[in-house]
Each structure stands twice: as C-alpha cells, then as structure tokens.
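>>> With the input below, show me the fold.
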Amino acid sequence: MKTGIFGANGRMGRVLIEAVNLVPEVELGAAIVRSGSHWIGMDAGQLAGIGEQGLSVTDTPEHQADGIDVMIDFTLPEALEGNLNWCIAHNKPVVIGTTGLSDKQKGLLNQAAQQIPVVFAANYSVGVNLLLNLLRQTARVMGHSCDIEILEAHHRHKVDAPSGTAVAMGEVIADELDRDLNKDAVYGREGHTGERPQQQIGFATVRAGDIVGEHTAMFADIGERLELTHKASSRLTFAKGAVRAATWLKDKPPGLYSMQQVLGLE
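As a prediction, the model looks like this:
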C-alpha cells in the first residue's frame, strides 16, 4: 500500500514519514509541502532524518496520484479545504489528524465523507482511544455526582487550546451524561468565580517546553477522586496510529470514520 503525506515538512509530517518506513506493507507514495517551500526536491527520507528513500518532496503531486492508495493530513486548519478537494478530485481516502477545526471545517469533513472514505480523530494514539472508552464508562458510573475537570499539557509550539484531545474527552463525557458541552464547559478560571456548579466540565491548559502530550480527566466526589491519565513521550505514537488507520481505511466505502472504529472499540 502506498501512502501520501500532506505537510511532510511539519513536525508530524516528518514523524509520519518515519512511521510509514517502519511498516513493511506500507510505502511512501508522496511527500507534499506547500507551494514555494524550500523543501521541494529534497529526498523525503532525508527530510525525516531516516536516510534516502528515493522519493522527492513535491508541491505538485498530480503525477504521483495514480500510485497513492491513502492520504494522511496533519497540517493546519486553513489547509484542510484544499487538501480535501484534492482527495475528492483524485478519489483518495484520507486520514485527518488536523486539530483546532471550526464547525464549518468539520462540516467540510462531513461533505467530503459523502464522496470518499475519511477517518477523523483528535488523537491517533491507541492509548488515548482506550482512554476515551474508559471515560465513557467512568462518566456513566460516577459522572452524575462528581465534579469533572480535564487537564492537558503540550509543547510551547502548539497553537490551539484546549487540545483537540481534551475537547474530545469532554465531548465523550458530556454525551454520556446527556449534557451540552457548549453550555457546561469552563475554559480556565480567574478571580472571584463563586461556588462551582456541579454540571460544569472544567478545562485547564499548560503550554511549556517540549511536552509531547499529557491528558488527565479528574472525577472528584466528596471523599474520593478518580483520575484517568495518558502521557505520550513521542510523536511516533500518534504517527503509528495514523498509519494503522490508513491501512484500515484503504478499501472502505465513503463515510466518516473514527479511530474508535479503526480499533474495533465501537
């Protein structure tokens, strides 16, 4: 199977090239960067620091399209529409890992999924997706009486807050409790806030150094507290999950799929 990568020069793009190289049945079919990038023409393997792969970085992948089975996109929200349109035009399934999407951009995913297979997840770590399953169970048992807080930490370069994973955690919990996260979420607290309403779902964000990703959901009742935590120490964790999703997606019919479905958790 051949996989193409949008945003190959980005932090995740380079790690995705490495992750593809680790899977014998998957081959890199295209390493795509934005038009005018100074990385154009460089060997994709050298870009990722894994040695020559015999494939040049490009901003015009049309000549490679016929040989690509699935695309992976971990770029920026503003690049999403163009990347989706390319996948639709060339009938390519796509794995989307871009976070910080607006409601309009999420709507574009739904529209694209009517024509091509799309996997979209806030986080492609196997551990995080197991965590989401555990959160649903915990919310069902404890959520109606507990105060619920979500804490997340990432590196200084992350531009959106809270993280897509933290929001996904909140959505899973709110859905299980039949709450509206748009109404019940509180993003940070300052000053005289008054007593905490029980239905709130609080979010706290840290941005510092080179933290890859840490997420904790706290269910705090009177007399006991349960904390569910996931810590990532390498971006390769997310990249390997995305490649796993790409191999799963290859022969699927058009539709919008989740990482939970990729892992057989739903």
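
>>> Doesn't Leu228 lie inside a helix?
No: read with DSSP: H, G, I helix; E, B strand; the rest coil, Leu228 is strand and lies in no helix.

>>> show me what contacts it?
Counting by CB atoms under 8 Å, 6 or more residues apart in numbering, Leu228 makes contact with 131, 134-135, 138, 216-217, 219. The way it works is simple: take the backbone N, C-alpha and C, and place the C-beta from them, glycine included.

>>> Please report how far the closest residue to Ala44 other than its chain neighbours lies from His38.
With sequence-adjacent residues excluded and distances taken as CB to CB, 6 or more residues apart in numbering, Ala44 is closest to Ala31, at 3.8 Å. According to CB to CB, to the nearest Å, Ala31 stands 14 Å off from His38.

>>> neighbour count winner among these two?
Legend: neighbour count by other CB atoms under 10 Å for Ala31 and His38, higher for Ala31 (31 against 9).

>>> would the more buried one count as being in a helix?
No: read with three-state DSSP, Ala31 is strand and lies in no helix.

>>> give me the beta-bridge partners of it?
Beta bridges link Ala31 to Ile5, judged by DSSP bridges.

>>> Pull out the buried residues from stretch 243-252.
243-249, 252 (16 or more other CB atoms under 10 Å).

>>> Contact partners for the closest residue to His144 other than its chain neighbours?
The shortest distance from His144 to any residue other than its chain neighbours is 6.7 Å, reached at Leu177 (CB to CB, 6+ apart). Contacts for Leu177 (CB under 8 Å, 6+ apart) come out as 139, 143-144.

>>> Check Leu177 and give its pLDDT.
Looking at Leu177, its pLDDT reads 97.

>>> Likewise for the one 10 residues further on?
Note on Tyr187: pLDDT of 95.

>>> How far off centre is stretch 139-150?
Chain-centre distance of stretch 139-150: 25 Å, with CA atoms, centre = their mean, to the nearest Å.

>>> Which strand or helix spans Ala79?
helix 77-89 (DSSP states H and E).

>>> which element follows that helix toward the C-terminus?
Next in line after helix 77-89, if elements are assigned by DSSP H and E, sits strand 94-96.
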